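In: From the sequence below, what's the structure:
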Amino acid sequence: MTELSCVVNTPELPILAGWELVAASRLPPERNLLLIFLVNHAIKHAPSPFNVQSCRAIVLFGAEHEKLWDIGMEESRKTLPPPVFAQYEGKIQGYRDAYGTVSLALPICARYIARD
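Out: Have a look, this model is predicted:
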């Protein structure tokens, strides 16, 4: 079981100080808002190329999270040769067994600014 420890020492997030989240945790929906707040805080304060700070995040919990990784498993099974899929099946299942998914995306316009 993978453990993710969030130890936050900023005045904006005192409610998360010393809070631990493990893969088997099941939190009430209002607690998920704290995780979304933490992702927003990380994006806002993370350095970005040319300080464009235009990164966006998609955060999935529960059934949506599991559905994403079910699709990933099925598409991998269809497209990868069986020996290669066998190597990745456990890793994909591990992602599915996690509490949630955070997918970060950088808009195309920000990529062009950073490239030039």
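In: Only C-alpha atoms from now on, for both contacts and neighbour counts.
Out: Fine.
In: Low-confidence regions, this structure specifically.
Out: Within the chain, the segments meeting pLDDT under 70 span 1-27, 48-54, 106-116.
In: Please enumerate the strands of it.
Out: Using DSSP state E, the strands of the chain run over 3-6, 19-22, 56-61, 100-105.
In: Identify each buried residue in the third one, please.
Out: Okay, so that is strand 56-61. By 16 or more other Cα atoms under 10 Å, the buried positions in strand 56-61 come out as Ala57, Val59, Leu60.
In: ditto for stretch 34-53
Out: Result for stretch 34-53 [16+ other Cα under 10 Å]: buried residues Leu35, Ile36, Leu38, Val39, Ile43.
In: leaving aside the residues next to it on the chain, what's closest to Val39?
Out: Distance criterion Cα to Cα, 6 or more residues apart in numbering; nearest residue to Val39, sequence neighbours excluded, is Ala57 at 7.7 Å.
In: list the contacts for that neighbour?
Out: Contact analysis of Ala57 by Cα atoms under 8 Å, 6 or more residues apart in numbering lists Val39, Val102, Ser103, Leu104, Ala105.
In: Tabulate these (TSV), appending distance to Phe85.
Out: Shown next, in TSV, are the contacts of Ala57 (distance: Cα to Cα, whole Å):
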residue	distance to Phe85
Val39	31
Val102	23
Ser103	22
Leu104	25
Ala105	26
